[in-house]
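J.: no sequence for this one, just the structure:
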């Protein structure tokens, strides 16, 4: 997913700020998991419903952006514009949810 969004940003199909947001959330999650593995006995990192929803929204947004780029039909472009914001909100929300889970989950 990350590579797809980086490629879309490089060719101007996806806004760079969205790509930074998506990659930033992924890097944050991986960093927290790495720190937890190194400094605690925690070995379980369950996926979140919000993380899965965020991924689905990112896939739909990516496909819509690519389709809109190849088929410049104005209504599709408007849908892609809205989906960019939906993907951004879903990404941020799932990032907050992962942070909440990390903070509130009992330590081993």
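T.: Thanks, I have it. Note that the structure is a prediction, hence the values are computed from the model and not measured.
J.: when you work out contacts or count neighbours from here on, use the C-alpha atoms and nothing else.
T.: Fine.
J.: any idea of the mean pLDDT for the lengthiest helix in the chain?
T.: Ranked by residue count and defined by DSSP state H, the top helix of the chain is helix 74-104. Helix 74-104 carries an average pLDDT of 91.
J.: check which helix or strand covers the residue nearest to residue 79 when sequence neighbours are not counted.
T.: What sits nearest to residue 79 in space, not counting adjacent residues and going by Cα to Cα, 6 or more residues apart in numbering, is residue 64, at 7.9 Å. Per DSSP states H and E, residue 64 falls inside helix 49-70.
J.: now that helix: buried residues?
T.: 50-51, 54-55, 57-59, 61-62, 64-65, 67-69 (16 or more other Cα atoms under 10 Å).
J.: ok, so of those, who is nearest residue 39?
T.: Relative to residue 39, the closest of the buried residues of helix 49-70 is residue 51; by Cα to Cα it sits at 24.2 Å.
J.: quick check, nearest of the buried residues of helix 49-70 to residue 14?
T.: For the buried residues of helix 49-70, the nearest to residue 14 is residue 65 (6.9 Å; Cα to Cα).
J.: which ones are touching that closest one?
T.: Residues near residue 65 by Cα atoms under 8 Å, 6 or more residues apart in numbering: 13, 14, 77, 80.
J.: what's in contact with stretch 1-11?
T.: The contact list for stretch 1-11, computed with Cα under 8 Å, 6+ apart, reads 14, 15, 16, 19, 22, 23, 59, 62, 66.
J.: one step back: tell me the one of the buried residues of helix 49-70 nearest residue 85?
T.: When those are compared against residue 85 (criterion: Cα to Cα), the nearest one is residue 61, at 9.4 Å.
J.: so the closest one sits against residue 80, correct?
T.: Yes. Look at residue 61 against residue 80 with Cα atoms under 8 Å: they come within range, at 6.5 Å.
J.: among the contacts of residue 65, which pair sits farthest apart?
T.: Between any two of these, the greatest separation by Cα to Cα is 11.9 Å, found for 14 and 77.
J.: the two - which one has more neighbours?
T.: The neighbour comparison of residue 14 against residue 77 (other Cα atoms under 10 Å) goes to residue 14, with 23 against 17.
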